[in-house]
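Engineer: Would you be able to build a 3D model of this:
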Amino acid sequence: MKDIGQAARWIDRVGFALLMPHAGVAMPTLWEAIRGRAGGHPFKDWGPEGDLLWEWKDELPKRRLAFYGSVWMGKPGFISPAMLPAVMKLWSCPPGLDGFRTAYREGSLSFDASRLGEALFARGAMNTYRLRHLTGVKPSTFKRSLVELQRKLIIAKCGTDDRDTTWPASVVDLSARIFPKAHFELRRISFLEAREETMATLKEHAPKLAERQLFRLLRLSR
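Structural biologist: Residues are numbered from 1 along each chain as shown. Here you go, the predicted model:
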């Protein structure tokens, strides 16, 4: 795998993937797809493949080619655009650009998370440094609120920005603005359809996953 178009097509094919291997989570990984063979780890075998991995983890979401975040049991990975509506349904993502307001009114989103949602709704995509200073949320609370929004797939990463920091800060926006088609499909898919589609995809492309872990990855009860 030598170009980002190949990486995007691979994610489209497998549906779900981790960024790199993690012990005990037998899912496809972008690292192994780039190398063309199983095993290894970028932090142990760094080279040109590691450079591509680090570049593409930012470029894929920036170009809207995949959803990227720490969504697989807290580990970073990808969801293909085609599979995104089903996962949004399972994880209770409210549809629409102002869907976070519905989640807040229903009590499934915290006050501080809703403040971040309002800022993104009004201003559009921005890096997390600017978002925190704009909203005035304390650093520890800000981090929890970001995780909360990301776990429900209400926000999505869409690049990096190092203008305000000494490191590239993640740029985020409401997922409805980045993946409008997914939010349109989200209104049409049932929970049962989403459950069957996601489980079938994982069983096909991650056949070594134990059933218990499959349910845990998708945050489903048996």
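Engineer: For stretch 83-92, what does the pLDDT average out to?
Structural biologist: On average, the pLDDT along stretch 83-92 is 98.
Engineer: Please enumerate residues in contact with it?
Structural biologist: For stretch 83-92, the surrounding residues in contact (Cβ atoms under 8 Å, 6 or more residues apart in numbering) are 15-16, 67, 71, 79, 95, 103, 108, 151-153, 175, 179, 182-183, 185-186, 188-191, 193-195, 197-198, 201, 218-220. Glycine gets a C-beta too; all of them are placed from N, C-alpha and C.
Engineer: Stretch 202-214 now?
Structural biologist: So stretch 202-214 is in contact with 13, 14, 15, 16, 24, 25, 26, 27, 28, 199, 217, 218, going by Cβ under 8 Å, 6+ apart.
Engineer: ranges for the strands of the chain?
Structural biologist: 16-18, 67-72, 75-79, 126-127, 155-161, 169-174 (DSSP state E).
Engineer: how about the ones you listed in JSON lines, adding distance to residue 42, mean neighbour count and mean pLDDT?
Structural biologist: As requested, the strands of the chain are arranged in JSON lines below (distance: least, Cβ to Cβ, whole Å; neighbours: other Cβ atoms under 10 Å; pLDDT from 0 to 100):
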{"stretch": "strand 16-18", "distance to residue 42": "12", "mean neighbour count": "24", "mean pLDDT": "97"}
{"stretch": "strand 67-72", "distance to residue 42": "16", "mean neighbour count": "22", "mean pLDDT": "95"}
{"stretch": "strand 75-79", "distance to residue 42": "12", "mean neighbour count": "22", "mean pLDDT": "96"}
{"stretch": "strand 126-127", "distance to residue 42": "24", "mean neighbour count": "19", "mean pLDDT": "96"}
{"stretch": "strand 155-161", "distance to residue 42": "18", "mean neighbour count": "22", "mean pLDDT": "94"}
{"stretch": "strand 169-174", "distance to residue 42": "19", "mean neighbour count": "21", "mean pLDDT": "96"}
